[in-house]
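Participant: What follows is a predicted protein model with its sequence.
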Number of protein chains: 2
Amino acid sequence: MALIRSWVESANAPDGPFPLNNLPCGVFSLADEEPRCGVAIGETILDVSGLEAEGLLALDGGPYLDVPFWNEVMAAGPAVWAALRARLQELLTEGSAARAEVEPHLVPMAGARLHLPFLVSEYTDFYAGKHHAMNVGTMFRGAENALPPNWLHIPIGYNGRASSVVVSGTEVRRPWGQLKGPDDAAPRFAPSARFDIELEMGAVVGLPSEHGRPVTVETADEMIFGYVLLNDWSARDIQAWEYQPLGPFQAKATATTISPWIVMKAALEPFRVSTPERERPLLPYLHEPRPMLYDIALEVGLTPEGGRETVISRTNYAEMYYSAAQQLAHHTTSGCAMTAGDLLGSGTISGPTKDSRGSLLEISWGGKEPFEVDGGTRSFIADNDTLVLRGAAKGDGYTIGFGDCVGKVIPALEDPYAG
Amino acid sequence: MALIRSWVESANAPDGPFPLNNLPCGVFSLADEEPRCGVAIGETILDVSGLEAEGLLALDGGPYLDVPFWNEVMAAGPAVWAALRARLQELLTEGSAARAEVEPHLVPMAGARLHLPFLVSEYTDFYAGKHHAMNVGTMFRGAENALPPNWLHIPIGYNGRASSVVVSGTEVRRPWGQLKGPDDAAPRFAPSARFDIELEMGAVVGLPSEHGRPVTVETADEMIFGYVLLNDWSARDIQAWEYQPLGPFQAKATATTISPWIVMKAALEPFRVSTPERERPLLPYLHEPRPMLYDIALEVGLTPEGGRETVISRTNYAEMYYSAAQQLAHHTTSGCAMTAGDLLGSGTISGPTKDSRGSLLEISWGGKEPFEVDGGTRSFIADNDTLVLRGAAKGDGYTIGFGDCVGKVIPALEDPYAG
């Protein structure tokens, strides 16, 4: 597939993230105005709430876009998603007769504020990257016991906290928490000293599933509306003390940052790749009928306050051992109902090499190997560091981008219970 | 405190669950009508949505009851909760001049269908009963290592699945899942053979908290709107294979049944009791300024299909080591925002004796000591067994009840992926 040219000239730049092939879904506001649904095209946002209100975008069963979130479109299912995409491409394609009517609904992206693109119903985080699981397991349990016995059979997941999900650009305050080092006599309450990122992709569920009935991997793939970049901020010192026996809790509840644009599955079709060869046969309910991972290049940048960015990791979503469709199918095995707006974090996406690790914990090997950044070294995040995740699927003369997934870590509250 | 007499005669029965002292909040519907908010009084339900619409119940900042859930009242905070309660007691008290206007809004409970009383935002389950933690820990890790090292310092919790929460009376289908016994070479996909209950109380959060800011135990107590009975259905065989290292996932996602009535905190005030003496000092952020547990007698009944009920456990909410207020305060330590409609399961409430254990896992000691029920024995739940949780706070001549929390376990799907 090649670039589909648009009359929006900025959408035709070969390295731009938002060509007509992409059309990702977001929510934006201009100064003093209410948030509305928009679609990114080149350096502008198409106000699709406005288009729908004016009758230029009529979707079966609509209106869907008279609310400042995409959940209603998401729940409407694949036929509506396809119709939306086809109509937007028709309106925006080079030579479209609709240009004069559509152009007034374009606003410059530079002047818009971006909001969470959907209401997050529930948030589940997985642990489905093998290099990450091996790295973390080796650090904590030794190389022989690195992978838990169930890891090659189950896409391991745990429920996270939907109220922690924030849009890119939201500042993240370093959390307090209960901490205890292995040699401390008793725990103490203090700001986290080992605050970290996790580089992940997020799958956004559109079609709901029925309570009491599992879905196949094929159905799970159909239920997914699209993907975002996701940073699962993690307080490693809180996690180490709290996580046994029932899993991470407050260590993961400070914030989860997602990129502002949901890239619809259709835009990623040309980039489907298979999961790696299975090291143990999977149970049939986890078999993939076709490739369900995506070739998406990912990178992480760290910028100290007033300094320059250092790219600290480059990896690819294709490194995962399990796809989001497998994770979602597993998620329903017990009859768990999935809802429009459920968000599934892939798990940390580390590659096989040191420069492709998706967390500072792994890059600094638990703090034993600090790494260089502009003006100093890091083992974990320092106050006022800005972390950015970027993702791009590279097509033939075009790029599918997600928008940066950015968060600046501000200092912990001095007294968390004051005022 | 004594019984407050009502002109609704059935509310004055000394052992009835719904005297004027109680006034718990639910959602009901009559045949062919839309669900509405109601308050239980004696053997009837007061249609408070109707009262509000007619102007007999005017609350500051309202209307709140024009929707079939209590979340808007819950989010409005303690002043509105107190005003609601005061006005309802005024309308329903013996000799009230409003009787003639109010009486048409009473409907017999027997003819009403009850629904979930609130929209569950997120669901968190705790592990805060010491007898339960000791029993389970002893079975799995031996008596010396029964309590995890953090247990006496942290009210351990994990995020559950809000979409699993159903109202009392909803049938619960035995789940399929990935299972592997310790001696099996590989896992298999099969119906759970060790399906279980957990007897819990659920705290319902009303007032939200701010993202990024922890709350004290005192504030946490103020945020709680009320309490329900909660059965955290658990597939022990799925759990055993999946839960390391990140906690329970599909084992707990089949269903979570709550009682149909939220008992407001005010109704439980006379029953406040302190948590047990601390075995290790708690960090200051977990100190309780006053008693925050409640003396609520609890029991579990098991009825086989066509048989008689056997009461298999009698215990008390006061057996918990941590209160819901402590759990909620801990939940916010990392800055996690809490929302109106968040539901916090207490953890399984077992007492010190064999006949006060809150799960079949404990009662049958992992299946090694089957117990008697009508017509047979049980280690775990058999198909078509009905499990009921009951709770009652016993005052001076009156009782505060929650309504039964009932679920019948129906057989697993024959083929979970068929049509």
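Facilitator: The structure has been received and is ready for your questions.

Participant: From the opening residue of stretch A:378-389 to its closing one, how far?
Facilitator: Distance between the boundary residues of stretch A:378-389 (Cα to Cα, to the nearest Å) amounts to 17 Å.

Participant: So the residue located most distally from the centre of chain A, which state does it fall into?
Facilitator: Here the centre of chain A is the reference, and by Cα atoms, centre = their mean the most remote residue is residue A:185, at 38.9 Å. For residue A:185, the assignment made with DSSP: H, G, I helix; E, B strand; the rest coil gives coil.

Participant: burial measure for residue A:113, as a count.
Facilitator: The number of residues packed near residue A:113 is 14, by other Cβ atoms under 10 Å in any protein chain shown. (Each C-beta comes from the backbone N, C-alpha and C, glycine too.)

Participant: so it sits right up against residue A:32, yeah?
Facilitator: No: when contacts are counted by Cβ atoms under 8 Å, residue A:113 is not listed as touching residue A:32 (10.8 Å).

Participant: Which strands or helices does the stretch of helix or strand residue A:219 belongs to pack on?
Facilitator: Using DSSP states H and E, residue A:219 falls within helix A:217-223. When contacts are defined as 3 or more Cβ pairs under 8 Å, 6 or more residues apart in numbering or on different chains; DSSP states H and E, helix A:217-223 packs onto helix A:324-331.

Participant: what about dumping the CA coordinates of the helix it packs on to CSV?
Facilitator: Presented in CSV, the C-alpha positions along helix A:324-331 are these (Å, rounded to 0.1, in the frame of the first residue of the first chain):
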residue,chain,number,x,y,z
ALA,A,324,-3.6,-8.2,22.0
ALA,A,325,-6.2,-10.5,20.4
GLN,A,326,-4.8,-13.5,22.4
GLN,A,327,-4.8,-11.4,25.6
LEU,A,328,-8.4,-10.3,25.0
ALA,A,329,-9.5,-13.9,24.3
HIS,A,330,-7.8,-15.1,27.5
HIS,A,331,-9.4,-12.2,29.4
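
Participant: got the contact list for the helix or strand following it?
Facilitator: With elements assigned by DSSP H and E, the helix or strand that comes after helix A:324-331 is strand A:343-345. Residues lying outside strand A:343-345 but in contact with it, judged by Cβ atoms under 8 Å, 6 or more residues apart in numbering or on different chains, are A:120-126, A:157, A:160, A:162, A:165, A:198, A:200-205, A:228, A:230, A:232, A:256, A:258, A:324, A:327-328, A:331.

Participant: quick one: strands adjacent to strand A:343-345?
Facilitator: strand A:123-126 (parallel), strand A:199-205 (antiparallel) (DSSP bridges).

Participant: Could you identify the helix or strand that succeeds that strand?
Facilitator: Following strand A:343-345 in sequence order, the next helix or strand is helix A:360-363 (DSSP H and E).

Participant: touching chain B at all, that next one?
Facilitator: No: for helix A:360-363, no contact with chain B is found by Cβ under 8 Å from any Cβ of the partner chain; the gap never falls below 14.6 Å.

Participant: helices and strands around that helix, which ones?
Facilitator: Using 3+ Cβ pairs under 8 Å, 6+ apart as the test, helix A:360-363 ends up in contact with helix A:130-141, strand A:310-316.

Participant: Let's see the helix or strand of chain A with the lowest mean pLDDT as CSV, backbone CA atoms only.
Facilitator: Of all regular secondary-structure elements in chain A, judged by mean pLDDT, DSSP states H and E, the least confident is helix A:130-141 with a mean of 94. As requested, C-alpha coordinates have been extracted for helix A:130-141 and formatted as CSV (Å, rounded to 0.1, in the frame of the first residue of the first chain):
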residue,chain,number,x,y,z
LYS,A,130,9.4,-12.4,26.7
HIS,A,131,12.6,-10.3,26.8
HIS,A,132,11.1,-8.1,29.6
ALA,A,133,9.9,-11.1,31.6
MET,A,134,13.3,-12.8,31.2
ASN,A,135,15.1,-9.6,32.2
VAL,A,136,12.9,-8.9,35.3
GLY,A,137,12.8,-12.6,36.2
THR,A,138,16.6,-12.9,36.0
MET,A,139,17.1,-9.8,38.2
PHE,A,140,14.6,-11.0,40.9
ARG,A,141,14.8,-14.8,40.8
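
Participant: which parts of the stretch 51-200 of chain A sit against chain B?
Facilitator: So far as Cβ under 8 Å from any Cβ goes, the stretch 51-200 of chain A lies against chain B at A:121-122, A:127, A:148-150, A:153-154, A:156-164, A:166, A:173, A:175-178, A:180, A:186-189.

Participant: So which of those residues belong to strands?
Facilitator: Under the assignment DSSP state E, these contribute A:157, A:158, A:159, A:166, A:173, A:176, A:177, A:178, A:188, A:189 to strands.

Participant: Just give me the neighbour total for the fifth one.
Facilitator: By other Cβ under 10 Å, 21 other residues sit near residue A:173.

Participant: again with the fourth one
Facilitator: Residue A:166: 21 surrounding residues under other Cβ under 10 Å.

Participant: got it, and the last one?
Facilitator: Summarising burial for residue A:189: neighbours were counted as other Cβ under 10 Å, giving 15.

Participant: Show me what it bridges to in the sheet.
Facilitator: Per DSSP bridges, residues listed as beta-bridge partners of residue A:189: residue A:178.

Participant: now swap in the fourth one and tell me
Facilitator: Using DSSP bridges, the beta-bridge partners of residue A:166 come out as residue A:257.
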